[in-house]
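Novice: Sequence first, predicted model second:
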Amino acid sequence: MTYVANRHPDPDAEQMALDEAWALGCTGRCSTALSMSKSILYAAEAAGHQRLIARSCQDSAWYCFQLGEAQDGIEYAQRAAALWKGLGSPAFEAQALSIKAWLNLKLGNLEDAIELAAEARNIADLSADLRSRSLAINVIGVIFWMTRQTPMAIYYCGRAVELAREAGDLTFEGWWLINLGGSHAEAAYLAQENGDDAAAAISMNAAIEITRQACELARKLKDIWAERLCLTKLAKYSNGSDNFVAAEAYLAQYRKIPGEVDARGRGQYLVNLGRTLVSLEQYEAALIPLRQAYSVARTTNNVETKMLSCLYLSKAHEHVGSYDLALEFHKLYHGLNQQLSAERTRQNARMAEIRYETKKLRTLLDSEVERFAEVARSLEVLQERTHLLAVAADTDALTVPIQSKKAGVGVSRHGDIATALCTCND
């Protein structure tokens, strides 16, 4: 499908076209949605319709995210955020900033992602828009997931799901459930690394159950992009639970889904298929998808997919007797694993540093608030004394009427004021 926008666009008609593109993006036809959004963007630019430009930029940024085109997506998101800010639309500004934060995270720009996510969260909270808050909090959860801060990841991703439900947005609910499942899976991997098999099993079962919910919702919404993502992750989690037959069944379901597949998604599917076949001891068959996964990962520069394809290519080649190739791929795997581990260690260290800095600033802020309160209390006492002195001056015995002196009023009143001042001094 090719959409050509009118050179003199009707804003209402183009908004409807953007809604149609969004519906396509939400049902897995991301490339078509991006093409439509770009076409509307060009027409809106020619006509100078700022809101249309902002909306089409923001939607294009999201489709780039779905397609794994992070750098292009960042440029669209940046432009959208600036336009929404100028138009006084904080809810949409927060959404654009959240998308930009997520795209930066995809590129490994952790500090930029954290800064943008925090800004998006603040603006979203001020806007009180549920969808914007849901998206912003979800991105914070994903940052915690990617930096292996799993308790915080589970909390934030879970809260994002709750907000999506409050907003009545089933698409957001399904997408955020995928991230909540991923956070539980990460908790399982950490438990395995620490030798806690019982905790690992509990977390992995939670990951599988939540991802199944997301998959059912994706099917209900006919969101083939999300359904494919769910099935790939379910296969991965089943492999992690040594349930290789279930993993193969999920991948078989994946193959039955019609329509376009983005390169990133295809790479993830292929590496999971190869891993499953290796686990089922079908080594010759495993070599085909693993070679394809390695090729796709080199094209997309997906380090994790490249690393895993090298690991399972090494194992498959070893079992078929190709020891030279097995050693070569093992060396590649080792180098990539060190690279990824070093990057994660750096990210985790920076995350800990940021959390420490935040805690220190919060403590400083609390002390400043306390100091300000003390100054305010001192000012209040000073104002009270000033008032009493003013009253005393107005009622001094030398200035009261003569008839009052005769009645003894002036001396009595002055004595009361003096007593009050003495009380303040005490």
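Specialist: Received the coordinates, thanks.
Novice: Pull out the buried positions in stretch 251-265.
Specialist: Burial within stretch 251-265, assessed by neighbour count using 16 or more other Cβ atoms under 10 Å, is assigned to 251, 254, 261-262, 264-265. Where C-beta positions appear, they are placed from N, C-alpha and C, glycine not excepted.
Novice: what do you get for stretch 92-110?
Specialist: Using 16+ other Cβ under 10 Å as the burial criterion, the residues of stretch 92-110 that qualify are 92-106, 109-110.
Novice: Where strands are concerned, which of the buried residues of stretch 251-265 count?
Specialist: Within the buried residues of stretch 251-265, no residue falls in strands by DSSP state E.
Novice: With just CA atoms, put stretch 93-110 into PDB.
Specialist: Taking only C-alpha atoms (Å, rounded to 0.1, in the frame of the first residue of the first chain), the coordinates of stretch 93-110 have been written out as PDB:
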ATOM      1  CA  GLU A  93       5.700  16.400  24.400                       C
ATOM      2  CA  ALA A  94       6.100  13.800  27.100                       C
ATOM      3  CA  GLN A  95       5.300  11.000  24.700                       C
ATOM      4  CA  ALA A  96       7.900  12.200  22.200                       C
ATOM      5  CA  LEU A  97      10.500  12.500  24.900                       C
ATOM      6  CA  SER A  98       9.700   9.000  26.100                       C
ATOM      7  CA  ILE A  99      10.100   7.600  22.700                       C
ATOM      8  CA  LYS A 100      13.400   9.500  22.300                       C
ATOM      9  CA  ALA A 101      14.600   8.100  25.600                       C
ATOM     10  CA  TRP A 102      13.800   4.500  24.600                       C
ATOM     11  CA  LEU A 103      15.500   4.900  21.200                       C
ATOM     12  CA  ASN A 104      18.600   6.200  23.000                       C
ATOM     13  CA  LEU A 105      18.600   3.200  25.300                       C
ATOM     14  CA  LYS A 106      18.500   1.000  22.200                       C
ATOM     15  CA  LEU A 107      21.700   2.700  21.000                       C
ATOM     16  CA  GLY A 108      23.300   2.200  24.400                       C
ATOM     17  CA  ASN A 109      23.200   5.900  25.300                       C
ATOM     18  CA  LEU A 110      22.200   5.200  28.900                       C
END
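Novice: Pull the distance from that stretch to the chain's centre.
Specialist: Relative to the chain's own centre, stretch 93-110 is displaced by 7 Å; criterion: Cα atoms, centre = their mean, to the nearest Å.
Novice: Touching, R133 and D125? I think so.
Specialist: Yes: A contact is recorded between R133 and D125 when judged using Cβ atoms under 8 Å, the distance being 6.4 Å.
Novice: More neighbours: those two, which one.
Specialist: Neighbours were counted for R133 and for D125 using other Cβ atoms under 10 Å; R133 has more, 27 against 15.
Novice: Need the pLDDT of the closest residue to that one other than its chain neighbours.
Specialist: Leaving aside its sequence neighbours, R133 sits nearest to A124 (Cβ to Cβ, 6 or more residues apart in numbering; 4.5 Å). Reading off the confidence values, A124 has pLDDT 96.
Novice: So what touches whichever strand or helix holds R212?
Specialist: Under the criterion DSSP states H and E, the helix or strand holding R212 is helix 197-221. When contacts are defined by Cβ atoms under 8 Å, 6 or more residues apart in numbering, helix 197-221 is touched by residues 26-27, 170-171, 173-175, 177-178, 180-182, 184-185, 187-189, 191-192, 223-224, 226-227, 230-231, 233-234, 237-238, 240-241.
Novice: please redo it, this time with the cut-off set to 6 Å
Specialist: With Cβ atoms under 6 Å, 6 or more residues apart in numbering as the contact definition, helix 197-221 has outside contacts at 170, 174, 177-178, 180-181, 184-185, 187-188, 191-192, 226-227, 230, 233-234, 237, 240-241.
Novice: same deal with stretch 108-120?
Specialist: Counting by Cβ under 6 Å, 6+ apart, residues outside stretch 108-120 touching it are 94, 97-98, 100-101, 104-105, 136, 139-140, 143, 347.
Novice: same deal with stretch 250-258?
Specialist: Applying Cβ under 6 Å, 6+ apart, the external contacts of stretch 250-258 come out as 224, 228, 231, 234-235, 269, 273.
Novice: let's go with 7 Å and repeat that
Specialist: Applying Cβ atoms under 7 Å, 6 or more residues apart in numbering, the set of residues contacting stretch 250-258 from outside is 224, 227-228, 231-232, 234-235, 238, 269, 272-273, 276.
Novice: what do you get for stretch 324-334?
Specialist: Residues from elsewhere that reach stretch 324-334, judged by Cβ under 7 Å, 6+ apart: 307, 310-311, 313-314, 317-318.
Novice: which residues touch the residue nearest the centre of the chain?
Specialist: Per Cα atoms, centre = their mean, the C-alpha nearest to the average position across the chain is that of V139, at 0.6 Å. Contacts of V139 were listed using Cβ under 7 Å, 6+ apart, and they are 98, 101-102, 117, 120.
Novice: which of these lies closest to G88?
Specialist: A120 (16.6 Å; Cβ to Cβ).
Novice: element containing that closest one?
Specialist: Remark: A120 resides in helix 110-127, with elements defined by DSSP H and E.
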